[in-house]
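Engineer: Only the shape, not the letters, is given here:
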Ligand SMILES: [Zn+2]
(Lines give C-alpha, C1' and ligand atoms only; values in the text may rest on other atoms or scores of the structure.)
Protein backbone atom coordinates (compact mmCIF):
# COMPACT_ATOMS: atom_id res chain seq x y z
CA UNK A 1 0.00 0.00 0.00
CA UNK A 2 1.31 3.44 -0.92
CA UNK A 3 1.28 6.04 1.83
CA UNK A 4 -0.27 9.43 1.27
CA UNK A 5 2.65 11.54 0.17
CA UNK A 6 3.00 15.29 0.38
CA UNK A 7 5.32 15.12 -2.58
CA UNK A 8 3.83 13.82 -5.84
CA UNK A 9 5.65 10.89 -7.40
CA UNK A 10 6.48 11.02 -11.10
CA UNK A 11 4.45 8.53 -13.11
CA UNK A 12 5.89 5.38 -14.63
CA UNK A 13 6.15 5.62 -18.43
CA UNK A 14 5.35 2.48 -20.45
CA UNK A 15 8.46 0.94 -22.05
CA UNK A 16 10.63 3.76 -20.68
CA UNK A 17 10.79 3.77 -16.89
CA UNK A 18 9.15 2.63 -13.69
CA UNK A 19 8.82 4.59 -10.48
CA UNK A 20 8.14 2.58 -7.35
CA UNK A 21 6.69 4.90 -4.74
CA UNK A 22 7.56 4.52 -1.06
CA UNK A 23 5.52 1.98 0.89
CA UNK A 24 6.40 3.83 4.11
CA UNK A 25 6.46 7.58 4.84
CA UNK A 26 8.71 9.33 2.34
CA UNK A 27 12.28 10.00 3.43
CA UNK A 28 14.76 12.10 1.42
CA UNK A 29 16.58 9.10 0.01
CA UNK A 30 16.25 8.29 -3.70
CA UNK A 31 17.60 5.24 -5.51
CA UNK A 32 17.80 4.88 -9.26
CA UNK A 33 18.88 2.09 -11.56
CA UNK A 34 19.48 3.58 -15.02
CA UNK A 35 21.13 0.57 -16.67
CA UNK A 36 19.15 -2.51 -15.59
CA UNK A 37 16.76 -2.38 -18.57
CA UNK A 38 17.04 -5.27 -21.00
CA UNK A 39 13.96 -4.83 -23.22
CA UNK A 40 14.87 -3.68 -26.71
CA UNK A 41 12.50 -0.90 -27.90
CA UNK A 42 10.79 -1.48 -31.24
CA UNK A 43 12.74 1.39 -32.81
CA UNK A 44 16.05 -0.17 -31.79
CA UNK A 45 17.45 -2.13 -34.74
CA UNK A 46 20.98 -3.17 -33.81
CA UNK A 47 23.11 -5.07 -36.30
CA UNK A 48 24.15 -7.49 -33.56
CA UNK A 49 22.39 -10.20 -31.59
CA UNK A 50 20.33 -8.82 -28.66
CA UNK A 51 22.47 -10.98 -26.36
CA UNK A 52 25.43 -8.76 -27.21
CA UNK A 53 23.40 -5.63 -26.52
CA UNK A 54 22.61 -6.97 -23.06
CA UNK A 55 26.26 -7.54 -22.05
CA UNK A 56 26.52 -3.92 -20.91
CA UNK A 57 23.28 -4.01 -18.90
CA UNK A 58 23.32 -3.80 -15.11
CA UNK A 59 21.11 -6.87 -15.04
CA UNK A 60 19.14 -7.48 -11.79
CA UNK A 61 20.30 -4.24 -10.12
CA UNK A 62 16.75 -2.88 -9.93
CA UNK A 63 15.66 -6.07 -8.16
CA UNK A 64 18.62 -5.99 -5.76
CA UNK A 65 17.30 -2.69 -4.40
CA UNK A 66 13.61 -3.56 -4.69
CA UNK A 67 13.10 -3.21 -0.92
CA UNK A 68 14.10 0.49 -0.87
CA UNK A 69 10.45 1.68 -1.03
CA UNK A 70 9.71 -0.35 2.14
CA UNK A 71 12.05 2.07 3.93
CA UNK A 72 10.51 5.21 2.43
CA UNK A 73 12.88 5.66 -0.51
CA UNK A 74 11.42 5.81 -4.02
CA UNK A 75 13.10 3.65 -6.67
CA UNK A 76 13.38 4.72 -10.32
CA UNK A 77 14.47 2.25 -13.00
CA UNK A 78 14.93 2.48 -16.75
CA UNK A 79 13.47 -0.32 -18.87
CA UNK A 80 15.56 0.05 -22.04
CA UNK A 81 19.21 -0.94 -22.64
CA UNK A 82 21.84 1.66 -21.82
CA UNK A 83 23.58 1.20 -25.14
CA UNK A 84 20.37 2.19 -26.95
CA UNK A 85 20.40 5.49 -25.06
CA UNK A 86 22.55 6.09 -22.00
CA UNK A 87 20.92 8.32 -19.38
CA UNK A 88 24.21 8.36 -17.48
CA UNK A 89 25.65 10.56 -20.23
CA UNK A 90 25.21 14.24 -20.81
CA UNK A 91 23.37 15.28 -23.96
CA UNK A 92 26.69 16.85 -24.94
CA UNK A 93 28.20 13.33 -24.98
CA UNK A 94 26.36 12.72 -28.27
CA UNK A 95 28.68 10.88 -30.63
CA UNK A 96 28.66 12.80 -33.91
CA UNK A 97 29.70 9.64 -35.77
CA UNK A 98 26.33 8.14 -34.80
CA UNK A 99 24.29 10.39 -37.07
CA UNK A 100 24.14 10.89 -40.80
CA UNK A 101 24.74 14.54 -41.49
CA UNK A 102 25.54 17.35 -39.07
CA UNK A 103 24.25 17.10 -35.49
CA UNK A 104 22.54 20.46 -34.89
CA UNK A 105 23.31 20.64 -31.15
CA UNK A 106 26.40 21.43 -29.11
CA UNK A 107 28.63 18.56 -28.05
CA UNK A 108 31.78 18.38 -25.96
CA UNK A 109 35.02 16.53 -26.48
CA UNK A 110 33.68 13.35 -24.90
CA UNK A 111 35.86 10.57 -23.60
CA UNK A 112 32.91 8.15 -23.56
CA UNK A 113 31.82 9.02 -27.11
CA UNK A 114 35.39 8.47 -28.27
CA UNK A 115 35.30 4.97 -26.79
CA UNK A 116 32.03 4.23 -28.62
CA UNK A 117 29.91 4.41 -25.47
CA UNK A 118 28.59 7.96 -25.53
CA UNK A 119 24.98 9.07 -25.31
CA UNK A 120 24.05 6.60 -28.07
CA UNK A 121 26.55 3.76 -28.17
CA UNK A 122 28.40 3.28 -31.48
CA UNK A 123 29.86 -0.06 -30.39
CA UNK A 124 27.88 -2.99 -29.06
CA UNK A 125 30.76 -4.56 -27.16
CA UNK A 126 34.51 -4.48 -27.72
CA UNK A 127 35.14 -3.31 -31.27
CA UNK A 128 31.88 -4.69 -32.72
CA UNK A 129 29.78 -1.88 -34.24
CA UNK A 130 26.21 -1.62 -32.98
CA UNK A 131 24.67 -0.55 -36.30
CA UNK A 132 25.06 -1.06 -40.04
CA UNK A 133 24.52 2.61 -40.73
CA UNK A 134 24.29 5.89 -38.82
CA UNK A 135 20.93 7.06 -37.48
CA UNK A 136 19.13 10.03 -38.94
CA UNK A 137 19.25 13.21 -36.89
CA UNK A 138 15.48 12.97 -36.38
CA UNK A 139 15.77 9.40 -35.08
CA UNK A 140 18.46 10.33 -32.58
CA UNK A 141 16.52 13.38 -31.42
CA UNK A 142 13.35 11.31 -30.99
CA UNK A 143 15.28 8.80 -28.90
CA UNK A 144 16.52 11.56 -26.60
CA UNK A 145 13.03 13.04 -26.25
CA UNK A 146 11.30 9.73 -25.62
CA UNK A 147 13.85 8.17 -23.22
CA UNK A 148 16.57 10.49 -21.88
CA UNK A 149 14.39 13.48 -21.01
CA UNK A 150 11.65 11.54 -19.17
CA UNK A 151 14.25 9.64 -17.14
CA UNK A 152 16.02 12.82 -16.09
CA UNK A 153 12.70 14.56 -15.44
CA UNK A 154 11.60 11.72 -13.16
CA UNK A 155 14.88 11.64 -11.24
CA UNK A 156 14.92 15.41 -10.86
CA UNK A 157 11.32 15.38 -9.66
CA UNK A 158 12.13 12.74 -7.03
CA UNK A 159 15.22 14.57 -5.81
CA UNK A 160 13.62 18.04 -5.86
CA UNK A 161 10.43 16.79 -4.21
CA UNK A 162 12.32 15.23 -1.31
CA UNK A 163 14.56 18.29 -1.07
CA UNK A 164 11.55 20.62 -1.01
CA UNK A 165 10.13 18.74 1.95
CA UNK A 166 13.35 18.20 3.93
CA UNK A 167 15.97 20.68 2.55
CA UNK A 168 18.37 17.72 2.21
CA UNK A 169 18.45 14.74 -0.10
CA UNK A 170 20.63 11.65 -0.51
CA UNK A 171 20.81 9.80 -3.83
CA UNK A 172 22.24 6.37 -4.60
CA UNK A 173 22.73 5.84 -8.33
CA UNK A 174 22.88 2.04 -8.63
CA UNK A 175 24.99 0.10 -11.14
CA UNK A 176 26.96 -3.08 -11.66
CA UNK A 177 30.40 -3.62 -13.14
CA UNK A 178 32.16 -6.53 -14.77
CA UNK A 179 34.38 -8.64 -12.53
CA UNK A 180 37.51 -7.14 -14.10
CA UNK A 181 38.33 -4.37 -16.56
CA UNK A 182 37.36 -5.09 -20.17
CA UNK A 183 38.11 -3.91 -23.69
CA UNK A 184 35.85 -0.85 -23.45
CA UNK A 185 36.59 0.24 -19.90
CA UNK A 186 38.89 3.02 -18.79
CA UNK A 187 40.81 0.76 -16.39
CA UNK A 188 41.97 -1.63 -19.12
CA UNK A 189 41.46 -5.28 -19.88
CA UNK A 190 41.89 -7.62 -16.92
CA UNK A 191 42.33 -4.98 -14.18
CA UNK A 192 41.01 -6.46 -10.94
CA UNK A 193 38.17 -4.63 -9.22
CA UNK A 194 36.87 -4.31 -5.68
CA UNK A 195 33.51 -5.79 -4.65
CA UNK A 196 31.91 -2.36 -4.59
CA UNK A 197 33.08 0.92 -6.08
CA UNK A 198 31.62 4.13 -4.69
CA UNK A 199 31.99 7.16 -6.94
CA UNK A 200 31.53 10.66 -5.56
CA UNK A 201 33.08 12.62 -8.44
CA UNK A 202 36.34 12.69 -6.47
CA UNK A 203 34.66 14.14 -3.40
CA UNK A 204 32.49 16.75 -5.13
CA UNK A 205 29.07 15.06 -5.40
CA UNK A 206 28.53 13.90 -1.80
CA UNK A 207 29.67 14.74 1.69
CA UNK A 208 32.37 12.60 3.30
CA UNK A 209 30.02 11.58 6.10
CA UNK A 210 27.66 9.87 3.64
CA UNK A 211 30.37 8.09 1.67
CA UNK A 212 32.04 7.13 4.96
CA UNK A 213 28.80 5.59 6.18
CA UNK A 214 28.41 3.54 2.99
CA UNK A 215 32.00 2.30 3.24
CA UNK A 216 31.58 1.39 6.88
CA UNK A 217 28.37 -0.58 6.26
CA UNK A 218 29.89 -2.40 3.28
CA UNK A 219 33.07 -3.30 5.14
CA UNK A 220 31.04 -4.60 8.08
CA UNK A 221 29.17 -6.76 5.58
CA UNK A 222 32.54 -8.15 4.46
CA UNK A 223 32.91 -6.42 1.09
CA UNK A 224 36.00 -4.76 -0.32
CA UNK A 225 35.35 -1.14 -1.27
CA UNK A 226 37.11 1.21 -3.66
CA UNK A 227 36.47 4.93 -3.93
CA UNK A 228 36.24 6.42 -7.43
CA UNK A 229 38.22 3.54 -8.92
CA UNK A 230 37.57 2.60 -11.65
CA UNK A 231 34.38 4.73 -11.69
CA UNK A 232 34.12 8.18 -10.18
CA UNK A 233 30.52 8.68 -11.28
CA UNK A 234 29.05 10.30 -14.37
CA UNK A 235 26.11 12.41 -15.48
CA UNK A 236 23.51 11.13 -13.01
CA UNK A 237 25.88 11.50 -10.05
CA UNK A 238 26.99 14.95 -11.09
CA UNK A 239 23.95 16.68 -12.58
CA UNK A 240 21.77 17.15 -9.50
CA UNK A 241 24.29 16.99 -6.66
CA UNK A 242 25.44 19.90 -4.56
CA UNK A 243 26.72 18.72 -1.19
CA UNK A 244 27.28 22.29 0.01
CA UNK A 245 23.50 22.71 0.19
CA UNK A 246 22.73 19.16 1.33
CA UNK A 247 22.24 17.35 -2.00
CA UNK A 248 24.38 14.22 -1.99
CA UNK A 249 24.77 11.76 -4.88
CA UNK A 250 26.95 8.69 -5.21
CA UNK A 251 27.43 6.15 -7.95
CA UNK A 252 27.25 2.68 -6.43
CA UNK A 253 28.88 -0.01 -8.58
CA UNK A 254 28.44 -3.66 -7.61
CA UNK A 255 30.86 -6.24 -8.93
CA UNK A 256 28.73 -8.76 -10.84
CA UNK A 257 30.73 -11.71 -9.50
CA UNK A 258 28.89 -11.16 -6.22
CA UNK A 259 25.48 -12.06 -7.55
CA UNK A 260 25.36 -13.31 -11.14
CA UNK A 261 26.96 -15.47 -13.78
CA UNK A 262 28.27 -13.00 -16.33
CA UNK A 263 28.21 -15.58 -19.13
CA UNK A 264 24.57 -16.65 -18.75
CA UNK A 265 23.35 -13.37 -17.11
CA UNK A 266 21.49 -15.57 -14.61
CA UNK A 267 21.43 -14.95 -10.87
CA UNK A 268 23.98 -17.06 -9.03
CA UNK A 269 23.41 -19.08 -5.86
CA UNK A 270 24.81 -16.11 -3.91
CA UNK A 271 22.03 -13.84 -5.15
CA UNK A 272 19.57 -14.10 -2.23
CA UNK A 273 22.26 -13.50 0.40
CA UNK A 274 23.70 -10.59 -1.55
CA UNK A 275 20.30 -9.00 -2.03
CA UNK A 276 19.66 -9.39 1.71
CA UNK A 277 22.94 -7.58 2.43
CA UNK A 278 21.93 -4.69 0.16
CA UNK A 279 18.52 -4.57 1.81
CA UNK A 280 20.25 -4.24 5.19
CA UNK A 281 22.42 -1.49 3.73
CA UNK A 282 19.38 0.45 2.51
CA UNK A 283 17.72 0.06 5.92
CA UNK A 284 20.79 1.45 7.70
CA UNK A 285 21.11 4.35 5.24
CA UNK A 286 17.40 5.07 5.72
CA UNK A 287 17.93 5.17 9.50
CA UNK A 288 20.81 7.62 9.01
CA UNK A 289 18.72 9.84 6.72
CA UNK A 290 15.79 9.83 9.15
CA UNK A 291 18.09 10.78 12.05
CA UNK A 292 19.66 13.58 9.98
CA UNK A 293 16.32 15.23 9.19
CA UNK A 294 14.61 14.50 12.50
ZN1 LIG B 1 25.61 1.13 -15.04
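Structural biologist: Sure thing, it's come through. For clarity, every value in this text was computed on a predicted model and none was experimentally measured. Residues are numbered from 1 along each chain as shown.
Engineer: What residues does the stretch 1-150 of the chain have near the ion?
Structural biologist: Contact residues (CB under 5 Å from the ion) of the stretch 1-150 of the chain with the ion: 35, 58. Where you see a C-beta, it was placed from the backbone N, CA and C, and this is true even at glycine.
Engineer: buried ones in the longest helix along the chain?
Structural biologist: The residue-count maximum for a helix in the chain (DSSP state H) belongs to helix 271-293. Residues of helix 271-293 classed as buried by neighbour count (16 or more other CB atoms under 10 Å): 271, 274-275, 277-279, 281-282, 284-286, 288-289, 293.
Engineer: ditto for stretch 213-225
Structural biologist: Neighbour-count burial for stretch 213-225 [16+ other CB under 10 Å]: 213, 214, 215, 217, 218, 221, 223, 225.
Engineer: residues making contact with it?
Structural biologist: Applying CB atoms under 8 Å, 6 or more residues apart in numbering, the external contacts of stretch 213-225 come out as 194-198, 227, 250, 252, 258, 277, 280-281, 284-285, 288.
Engineer: Closest to the ion out of these?
Structural biologist: Ranked by distance to the ion (CB to the ion), those are led by residue 252 at 9.7 Å.
Engineer: Is that closest one bridged to anything, and to what?
Structural biologist: residue 174, residue 198 (DSSP bridges).
Engineer: residue contacts, it?
Structural biologist: 172, 173, 174, 175, 196, 198, 199, 214.
Engineer: Which strand or helix spans residue 219?
Structural biologist: Using DSSP states H and E, residue 219 maps to helix 208-220.
Engineer: Beyond that helix, next helix or strand please.
Structural biologist: strand 225-227.
Engineer: Note down every partner strand of that next one and its orientation.
Structural biologist: By DSSP bridges, strand 225-227 pairs with strand 196-199 (parallel).
Engineer: now stretch 263-275, how far from the centre of its chain.
Structural biologist: Computed by CA atoms, centre = their mean, to the nearest Å, the chain-centroid distance of stretch 263-275 equals 19 Å.
Engineer: Give me the average confidence score over that stretch.
Structural biologist: What stretch 263-275 shows for mean pLDDT is 97.
Engineer: Residues touching it, excluding its own?
Structural biologist: By CB under 8 Å, 6+ apart, stretch 263-275 touches 54, 57, 59, 60, 63, 64, 258, 259, 260, 261.
Engineer: what's the pLDDT at the residue nearest the centre of the chain?
Structural biologist: The centroid of the chain falls nearest to residue 34 when counting by CA atoms, centre = their mean (3.7 Å). Note on residue 34: pLDDT of 98.
Engineer: quick one, what contacts it?
Structural biologist: So residue 34 contacts 58, 77, 78, 82, 86, 87, 88, 151, 173, 175, 236 (CB under 8 Å, 6+ apart).
Engineer: Quick check: end-to-end length of stretch 176-189?
Structural biologist: End-to-end distance for stretch 176-189: 17 Å, by CA to CA, to the nearest Å.
Engineer: Then stretch 59-68?
Structural biologist: Start-to-end, stretch 59-68 (CA to CA) is 17 Å.
Engineer: what does the average pLDDT come to for that stretch?
Structural biologist: 98.
Engineer: Residues contacting it, please?
Structural biologist: By CB under 8 Å, 6+ apart, stretch 59-68 touches 18, 20, 29, 31, 33, 35-36, 38, 74-75, 77, 172, 174-176, 254, 256, 259-260, 265, 267, 271, 274-275, 278-279, 282-283.
Engineer: Mind checking if stretch 240-258 is in reach of the ion?
Structural biologist: No: Stretch 240-258 stays clear of the ion (CB under 5 Å from the ion), getting no nearer than 7.2 Å.
Engineer: list the buried ones in that stretch?
Structural biologist: Under 16+ other CB under 10 Å, the buried positions of stretch 240-258 are 240-241, 243, 246-258.
Engineer: So which of these is the closest to the ion?
Structural biologist: Of the buried residues of stretch 240-258, the one sitting nearest to the ion (CB to the ion) turns out to be residue 253, at 7.2 Å.
Engineer: where does the protein have low pLDDT?
Structural biologist: 1-4 (pLDDT under 70).
Engineer: residue boundaries of the strands in it?
Structural biologist: 17-20, 29-33, 75-78, 123-125, 128-129, 169-177, 196-199, 225-227, 247-255 (DSSP state E).
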